[in-house]
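In: dropping the sequence and predicted coords here.
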Amino acid sequence: MPRFMSLIRIDEQDAPDMQSAGPEFEQRMGALFEEITKAGVMLDTAGLLPTAEGTRVTWEGGKLSFTDGPFTETKEVVGGYAIMQCKDKAEALEWTKRFLEIHPESWKVGAELRQIDGNTTPPEA
């Protein structure tokens, strides 16, 4: 069964205030996570710490370079992710849509849904 990664995109410079969402937001999120887990769809999910605590590592011209965050030149950043195992892309899109619709209407949150390449074999340890 194909796996999909949903990358949750936020504007880190104008991040919504979690406190303003109210307790009903967490209740809706908890109910969806329980449903998606019981359905056997959710394999892993988490939010990410701010880019101020991140480092970009680049390989270019045979050399590595490191850039510590925050990455102020980037408007949207990945704020979290979910890895789901779904029968097809339509099902993955439906779960992603439901996740986004839980958020308060005043928030701007996006998602990029990508299928994980099933032909990739991890290196042997």
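Out: Good, I have the coordinates.
In: what ranges does this structure have for its strands?
Out: 3-11, 42-47, 55-60, 63-68, 76-85, 110-115 (DSSP state E).
In: show me the contacts for the most centrally placed residue in the chain.
Out: The residue lying closest to the centre of the chain (CA atoms, centre = their mean) is Tyr81, at 2.2 Å. Applying CB atoms under 8 Å, 6 or more residues apart in numbering to Tyr81 gives the contacts 5-8, 44-46, 48. From N, CA and C alone the C-beta is placed, and that goes for glycine too.
In: now the buried members of those.
Out: Buried subset of these (neighbour count, 16 or more other CB atoms under 10 Å): 5-8, 45.
In: farthest-separated two in those residues?
Out: Leu7 and Thr45 (11.3 Å; CB to CB).
In: for stretch 101-118, buried residues please.
Out: 102-103, 107, 109, 111, 113.
In: rounded mean pLDDT for the helix ranked longest in the chain, please.
Out: For the chain, the helix with the greatest residue count under DSSP state H is helix 23-38. Confidence for helix 23-38, expressed as mean pLDDT, is 94.
In: helices or strands up against it?
Out: strand 42-47, helix 89-101 (3 or more CB pairs under 8 Å, 6 or more residues apart in numbering; DSSP states H and E).
In: what angle sits between it and strand 42-47?
Out: Counting by axes from the mean of the first three to the mean of the last three CA atoms, to 10 degrees, helix 23-38 points 150 degrees away from the direction of strand 42-47.
In: got the CA positions of helix 23-38 in PDB?
Out: Extracted in PDB, the C-alpha atoms of helix 23-38 (Å, rounded to 0.1, in the frame of the first residue of the first chain):
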ATOM      1  CA  PRO A  23      -9.500  24.000  23.700                       C
ATOM      2  CA  GLU A  24     -12.000  22.900  21.000                       C
ATOM      3  CA  PHE A  25      -9.200  23.000  18.500                       C
ATOM      4  CA  GLU A  26      -7.200  20.500  20.500                       C
ATOM      5  CA  GLN A  27     -10.300  18.300  20.900                       C
ATOM      6  CA  ARG A  28     -11.000  18.300  17.200                       C
ATOM      7  CA  MET A  29      -7.300  17.500  16.500                       C
ATOM      8  CA  GLY A  30      -7.300  14.700  19.100                       C
ATOM      9  CA  ALA A  31     -10.500  13.200  17.600                       C
ATOM     10  CA  LEU A  32      -9.100  13.200  14.100                       C
ATOM     11  CA  PHE A  33      -5.800  11.700  15.300                       C
ATOM     12  CA  GLU A  34      -7.600   8.900  17.100                       C
ATOM     13  CA  GLU A  35      -9.700   8.200  14.000                       C
ATOM     14  CA  ILE A  36      -6.800   8.200  11.600                       C
ATOM     15  CA  THR A  37      -4.800   6.000  13.900                       C
ATOM     16  CA  LYS A  38      -7.600   3.500  14.400                       C
END
